[in-house]
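Participant: requesting a structural model of the entry that follows:
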Amino acid sequence: MRTGALKPVDLRVVFPLVVLLSLLVGATAAHAAETKKKKTGTAAKSSTAIKAERPQPAAVPIREWGPYLDVAYELTYWDRTEIREWREKSERQIGETLAAYITEWNGKLADSADSTGADRVDNRLPIYRERDYLRLAIALTVDYLQSENLESLNSAEQILDKLKEKATMPEVAFWTGFVKALQAMEVNDSPQFVARVFDIWNNAVMYIEQGTAGTAPRTPSGKSAPYLYRNIVNLVVNQAIIERKMRDLNALGPLFLMLRDRDLAEKADEGQYMTSLVRRIADGFAAPDADRYRLNFTVAVTEAQRLQKIATAKLDTQGMTDEAQRVFEQSRLFDDYALKWASSHRSSGAALAIADYLDITSFAIQRLADNGKAPAYPFFAMLPAHDGSSTLLKAMDIFNDLAAYTNGGWEKAGYANRELYLKATHRLWRTIMELALWTGDFYQLKLDEATDPRTIFAVAAPMQAVLNSYLDFFAAQTSTAFPEVVPDSACFGAAEAAEKLAHAYLRTYTYSTDSASYNLWFVHRLQAAELFPLAPREIAQSAAVLQRDGRYNLFLDYFLPLADRFKQSAAVQKWLEGQNSDTAAAVRAYAGTIDRVFADPGGRSSAGRIADATPFQRLREELQRKPDHPVHKLLKDFYVEEMGKATPYTRLLKDANRLGGRL
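Facilitator: Just a heads-up that it's a prediction; the model follows:
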């Protein structure tokens, strides 16, 4: 940062011609009416996302480009469409195109440069002012911003080079730094871009802020300062990071902390887009679940979350339209960039980015059934196959990396304390679990609709793959204990996955020539019961299938011991002692008679009728919606207790071939 600030008495008036012209002929195009950029979003915008109200005609029409160009910094943070509309309107009002102005002044300044010394003494050729050079450079810059004409940008840089001896003037310093930053952006030169943005701050912004002794940074004396702030925000965030995806701009992060304390002169009724954007970025630097002080990452997450809100709203209100697809794809693109720009795959930022990605994907997958005839359905229908495999596995890898800190060291991942670390890992686990289950639901619906063997196997295979991946993930994390990084709800999720898997294997068994699918159906149906024994209806259905197939002995050998263990469980009794809700009362009654219920799974006797399935069906729905439901802890405690014993179920998990002689 610049250390040799000019003293107030050394400063020139920043834009003297602007003030004079304002007094003589009224407001210029940018000053004629307050330019109201109605920015309603609170995160970074795409280049065409937000439009502005155009400047109104000047009170006294101005018939030349000069005054417009003197205040062009008030519009150079607009997007291309906005600048083009302003340019076309100004050309009609002035009666001269900007291209004609550029051609005329290119010729004048070229003639002046080619003049001989004798000609100059003759005093018949004009000698042009620094203002004329600067205006031409600004005109060329505006043309580039509107048309992306690189020739205009490079010409602007060459014109400004003629003013390099006056680069200490804040106005010249701003345009010089601005043009060079745009050039660096064009060639994706991040170090040069960072250096040029700091040039703007140190050589233009800081001097303007210090224009009057004692002026606080929040209220700069130069009227151009708020617009320079906006130009910096737009240049770095919208143009460099969002549009060009420039990496390694994290060094510019401190500017946004300083900009948070500046007044960008945006009115509350106009949305305060830039102000909100700066605030969100600055707050994101210190967020407990993000990679701190990484500008690229923070901008990507901010933009992804903005687009996610739009995408979810469109999917809810419009269904799977082409526009919903476009926004959805953009949101996931910026989640990808956030993951790419995170400090590492073991960082808090990586966990946040992948969890957001899985969340929006699950949101779309669960709406597939209602959008089968929508125009964008084919795109969204690809999500279960793609994200139900590769993306899910990537998320599991990130979780495994973070789980390494379960016994300490979570601060290396960017978490301030263990509580925040556990909160983030629990959220990541739930997003993994929910994507696996929603993907399983999608395939199960298709499986139930299938009538021919080819379709049944085509649907069952990816369904089995995604659900098995979650169960393997669950088993790997809880093989010896139940670490704190795994949320209590993971057990119920595993029960749901096992239930769906059992259904898939039973459908394919009909078309199998051996007992492999039947064995897998039984193993997963038993697994679902072990993880969620509060399911009398499903257990009765299992008994009915086994009885129909002459295999009821398996129910006696595996399900009845489960009932006895649940009734005698110390973990269940301890949980019940601390609960007095209606749910606890239903569990208490069920635990007291579960052995008789299992002995009569159809509910033909009075003991069987005690196991009314209705409250447990409601409980299942509550557990699906509420990850913090107290019954999740009951299921976890019972699972941990069971896995520490040698039971028919634990022995079966170690050797599935135990069923071979029976089926």
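Participant: any idea how far residue 568 lies from residue 614?
Facilitator: For residue 568, the distance to residue 614 equals 26 Å [CB to CB, to the nearest Å]. C-beta: built from backbone N, CA, C; applies to glycine.
Participant: just the pLDDT at the residue nearest the centre of the chain, thanks.
Facilitator: For the chain, the residue nearest the mean C-alpha position is residue 304 (3.3 Å; CA atoms, centre = their mean). What the model reports for residue 304 is a pLDDT of 97.
Participant: quick one: residue 594 and residue 566 touch, right?
Facilitator: Yes: assessed by CB atoms under 8 Å, residue 594 is found in contact with residue 566 at 5.5 Å.
Participant: ok, now how distant is residue 337 from residue 308?
Facilitator: 14 Å.
Participant: likewise residue 327?
Facilitator: Going from residue 327 to residue 308 by CB to CB gives 9 Å.
Participant: which strand or helix spans the residue nearest to the centre of the chain?
Facilitator: Using DSSP states H and E, residue 304 sits within helix 295-317.
Participant: residue 385: how many residues sit nearby?
Facilitator: 15 (other CB atoms under 10 Å).
Participant: give the buried residues for the helix or strand hosting residue 597.
Facilitator: In the assignment (DSSP H and E), residue 597 maps to helix 582-599. Within helix 582-599, the residues that qualify as buried are 583-584, 586-587, 590-591, 593-599, counting by 16 or more other CB atoms under 10 Å.
Participant: cool, and stretch 444-458?
Facilitator: Going by neighbour count (16+ other CB under 10 Å), the buried part of stretch 444-458 is 444, 446-447, 450, 456.
Participant: what of stretch 336-348?
Facilitator: For stretch 336-348, by 16+ other CB under 10 Å, it's 336-339, 341-343, 345-348.
Participant: with respect to residue 397, which of those is nearest?
Facilitator: The nearest member of the buried residues of stretch 336-348 to residue 397, counting by CB to CB, is residue 345 at 7.2 Å.
Participant: break the protein into its domains for me.
Facilitator: Following automatic domain parsing, the chain resolves into domains at 16-283, 289-487, 533-663.
Participant: now tabulate those in JSON lines and tack on distance to residue 505.
Facilitator: As requested, the domains of the chain are exported to JSON lines (distance: least, CB to CB, whole Å):
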{"stretch": "domain 16-283", "distance to residue 505": "45"}
{"stretch": "domain 289-487", "distance to residue 505": "7"}
{"stretch": "domain 533-663", "distance to residue 505": "12"}
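Participant: show me the one of these that comes nearest residue 526.
Facilitator: Proximity to residue 526 (CB to CB) singles out domain 533-663 among the domains of the chain, at 5.4 Å.
Participant: how distant is the closest one from the center of its chain?
Facilitator: Offset of domain 533-663 from its chain centre (CA atoms, centre = their mean, to the nearest Å): 40 Å.
Participant: next: stretch 344-362.
Facilitator: Centroid separation for stretch 344-362 versus its chain: 8 Å, with CA atoms, centre = their mean.
Participant: what average pLDDT does that stretch get?
Facilitator: The average pLDDT within stretch 344-362 is 94.
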